[in-house]
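> Mind folding the following:
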Amino acid sequence: MKQYISVTATFDADGNIVPLFINWDDGRRFPIDRVTDIRYAASLKAGGAGIRYTCRIQSHEKYLFLEENRWFIENEKAG
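Residues are numbered from 1 along each chain as shown. Okay, here's the model as predicted:
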């Protein structure tokens, strides 16, 4: 299931987008410890495609997608 979220990001000196925090609607905010990979890819679990950021968040690996101008994450809770 695709869940659109708010992300705090910055641009580096080369113009690349670097996500820093995932911000949930309920006010929780999680720092992205590390981005290990960036590539264009499809979300096999949620559908859609965009720039996929492979992120380490609290020692868990998560895929964060930038689809056009919106961020989403694959939600394990199927609805």
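> Please determine how far the residue in the chain sticking out farthest from the centre is located from residue 55.
Note on the chain: the largest C-alpha distance from the chain mean falls to residue 13, namely 20.6 Å (Cα atoms, centre = their mean). From residue 13 across to residue 55, the span is 21 Å (Cβ to Cβ, to the nearest Å). (Each C-beta comes from the backbone N, C-alpha and C, glycine too.)
> centroid residue for the chain?
Computing the C-alpha centroid of the chain and ranking residues by Cα atoms, centre = their mean puts residue 64 first, at 2.1 Å.
> quick one: low-confidence ranges for this structure?
Across the chain, the ranges flagged by pLDDT under 70 are 76-79.
> the strands in it, which residues?
2-11, 17-23, 29-31, 34-42, 49-57, 60-67, 70-74 (DSSP state E).
> and the second one, what other elements does it pack with?
When you say that, I think you mean strand 17-23. When contacts are defined as 3 or more Cβ pairs under 8 Å, 6 or more residues apart in numbering; DSSP states H and E, strand 17-23 packs onto strand 2-11, strand 29-31, strand 49-57, strand 60-67.
> rewinding a little: residues contacting the residue nearest to the centre of the chain?
By Cβ atoms under 8 Å, 6 or more residues apart in numbering, the contact set of residue 64 is 7, 19, 22, 32, 52, 53, 55, 71, 72, 73.
> I'd like the distance between the closest residue to it other than its chain neighbours and residue 29.
With sequence-adjacent residues excluded and distances taken as Cβ to Cβ, 6 or more residues apart in numbering, residue 64 is closest to residue 53, at 4.4 Å. The gap separating residue 53 from residue 29 is 17 Å, by Cβ to Cβ.
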